[in-house]
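Novice: sequence plus the predicted model coming up.
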Amino acid sequence: MANFLLRRLVFSLQKRFFSAPTTSKSTSIRTTSKPIKNSSTLDNTPSKTSFKSTINDVSSSVPPSFSIQYLTNSCGLSLNSAISTAKKITLEEKNKEHFDSVISFLKSHEFSDTQITELVQKYPAVLQCRILTNLKPKIEFLIENGIQGSNVPKLIISTPAIFFRSLDAQLKPAMALIKRVLTSPDKLLVVARRGSWILTTDWKSWHKNLDYLIELGVPKRRVQELLVLQPRCLYQDIERIKYGVEMVKNMGVKPDDVKFIHTFRVISSLSELGWKRKVKVFESLGWNSGEVVSTFTKSPHCLSCSEEKLRNAMDYFVNTVKVDRRTIINYPKILMYSIQKRVIPRYTVWKILEERKLIRRSQFIWVLNKSESDFIEQYVTRYSDLIPHLRSIYLSCKEDSITPTSS
């Protein structure tokens with residue numbers, strides 16, 4: 001019954017807001033009915049009292065009509081989305097002029113209709129923000145700090161909370177802290193895109209983390225690199241930061257080493273239990289604890305690989321390519337390459353050339369480091385006259401890599 005009533009109400013709203021031609025009689029819902037005689041065959045029929053209660057419940061769940069009308073006609077929301085959004089906020093018709101001014105203001109700063117729709121869906125309260133004391137000074141603040149043009153709406157859409165944080169107490173000190181480390185507006189824009197939340201979250205917490213790393217001896221340019229590559233890494237509990245630092249230092253990597261930040265990034269993303277599990281995976285593949293540390297410091301992101309990927313890579317390199325374990329330990333980066341998309345297609349070409357004695361005997365792993373264009377030029381195009389189908393063989397291997405399970 002409730003579903004039937006709700007459908008009737010939605011139909012009525014659609015007719016009203018979209019001027020649908022009236023083809024049926026009035027859709028008003030009668031709230032009275034004749035008494036129903038008590039009968040065992042009508043046990044599931046609602047009584048007069050429950051019928052009225054159902055109508056009242058459904059009616060109260062439908063937001064004010066102006067809110068829905070404005071959200072659909074002026075903000076571009078679908079009817080269902082407008083009904084859902086209108087439950088979060090009440091838009092009064094007497095304030096329509098202000099809502100229109102907000103939309104016009106946003107459009108004047110390169111917000112497209114689609115972006116306005118997305119913003120209102122995320123934060124409908126933006127329509128109630130004051131322009132002169134809220135929206136305008138905050139957008140001007142972003143522009144003054146190098147975020148301009150179409151980048152303004154992109155940043156706001158990713159973090160609408162900017163409009164709901166204090167300019168003086170939050171946004172300004174957070175921006176000052178970021179600019180203390182960053183040296184160019186371009187990098188600021190990268191950080192703003194990658195971790196836009198950094199402007200709206202508690203800046204005091206990651207201020208401590210920043211100071212700790214700098215006092216520890218991590219060069220400012222390395223901290224800048226960390227902020228650009230993974231800003232969330234700085235937004236952790238200070239004890240977590242200290243744990244990661246100690247782990248890296250115990251591996252023999254000094255704070256001023258170029259490897260420090262990359263090693264710290266991976267360590268800080270792993271729990272102590274997660275680290276132990278990764279170590280056990282490598283040990284099960286034949287590494288001892290010292291070799292695991294050596295592998296990690298040479299190529300920190302190896303520990304970001306899944307256990308399945310590591311096992312598949314070791315199996316292919318050792319049993320098919322015949323690379324000895326010591327070589328892999330010395331050059332662990334090869335474990336990160338996709339077996340299906342990179343290693344197998346290149347090794348297929350390599351074996352053909354080697355069997356034809358067209359290349360000198362050398363380590364296959366060096367071929368993996370080459371860019372795609374360099375590999376094709378040096379190992380495919382160069383020998384296409386002698387082996388006409390070499391390119392098609394290579395491309396076929398790469399295409400086949402789309403369907404198999406991940407490497």
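Specialist: Received, thanks. Numbers count the residues shown, from 1 in each chain.
Novice: convert stretch 91-106 to PDB, retaining C-alpha atoms only.
Specialist: Extracted C-alpha coordinates of stretch 91-106, given in PDB (Å, rounded to 0.1, in the frame of the first residue of the first chain):
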ATOM      1  CA  LEU A  91      15.000  25.300   0.400                       C
ATOM      2  CA  GLU A  92      12.500  28.000   1.000                       C
ATOM      3  CA  GLU A  93      10.900  29.700  -1.900                       C
ATOM      4  CA  LYS A  94      11.500  33.200  -0.400                       C
ATOM      5  CA  ASN A  95      15.200  32.600  -0.800                       C
ATOM      6  CA  LYS A  96      15.100  31.600  -4.400                       C
ATOM      7  CA  GLU A  97      16.900  34.900  -5.400                       C
ATOM      8  CA  HIS A  98      19.800  34.000  -3.200                       C
ATOM      9  CA  PHE A  99      20.100  30.400  -4.600                       C
ATOM     10  CA  ASP A 100      20.100  31.900  -8.100                       C
ATOM     11  CA  SER A 101      22.900  34.200  -7.100                       C
ATOM     12  CA  VAL A 102      25.000  31.300  -5.800                       C
ATOM     13  CA  ILE A 103      24.600  29.400  -9.100                       C
ATOM     14  CA  SER A 104      25.400  32.500 -11.100                       C
ATOM     15  CA  PHE A 105      28.500  33.100  -8.900                       C
ATOM     16  CA  LEU A 106      29.700  29.600  -9.400                       C
END
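Novice: list the buried ones in that stretch?
Specialist: Neighbour-count burial for stretch 91-106 flags 91, 99, 102, 103, 105, 106 (criterion: 16 or more other CB atoms under 10 Å). All C-beta atoms are positioned from the backbone trio N, CA, C, and that covers glycine.
Novice: pLDDT score for the fourth one?
Specialist: The pLDDT attached to residue 103 in the predicted structure is 96.
Novice: so where does residue 188 fall, helix or strand?
Specialist: Under DSSP states H and E, the secondary-structure element containing residue 188 is helix 185-194.
Novice: residue 84 now?
Specialist: Taking DSSP H and E as the criterion, the element that holds residue 84 is helix 79-86.
Novice: can you list contacts of stretch 147-165?
Specialist: Residues outside stretch 147-165 that contact it (CB atoms under 8 Å, 6 or more residues apart in numbering): 106, 109-112, 115, 118-119, 122-123, 125-126, 129, 134-135, 138-139, 142-143, 171, 188-189, 192-193, 196-197, 199-200.
Novice: buried subset of these, written for ChimeraX?
Specialist: Selection of the buried residues among the contacts of stretch 147-165 in ChimeraX, burial being defined by 16+ other CB under 10 Å:
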select :106,109,111,115,118,119,122,123,126,129,134,135,138,139,142,171,188,189,192,196,199,200
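Novice: how near is the closest residue to residue 365 other than its chain neighbours to residue 295?
Specialist: In this structure, residue 365 finds its nearest non-sequential neighbour in residue 334, 5.3 Å apart by CB to CB, 6 or more residues apart in numbering. Using CB to CB, to the nearest Å, one obtains 11 Å as the distance from residue 334 to residue 295.
Novice: phi and psi next, for residue 235.
Specialist: Dihedral angles of residue 235 (phi, psi; degrees, to the nearest 10) stand at phi -100, psi 70.
Novice: ditto for residue 252
Specialist: Geometry field for residue 252 lists phi and psi as phi 90, psi 10, criterion degrees, to the nearest 10.
Novice: how about residue 87?
Specialist: The phi and psi values for residue 87, taken as degrees, to the nearest 10, are phi -70, psi -20.
Novice: appreciated, that's everything.
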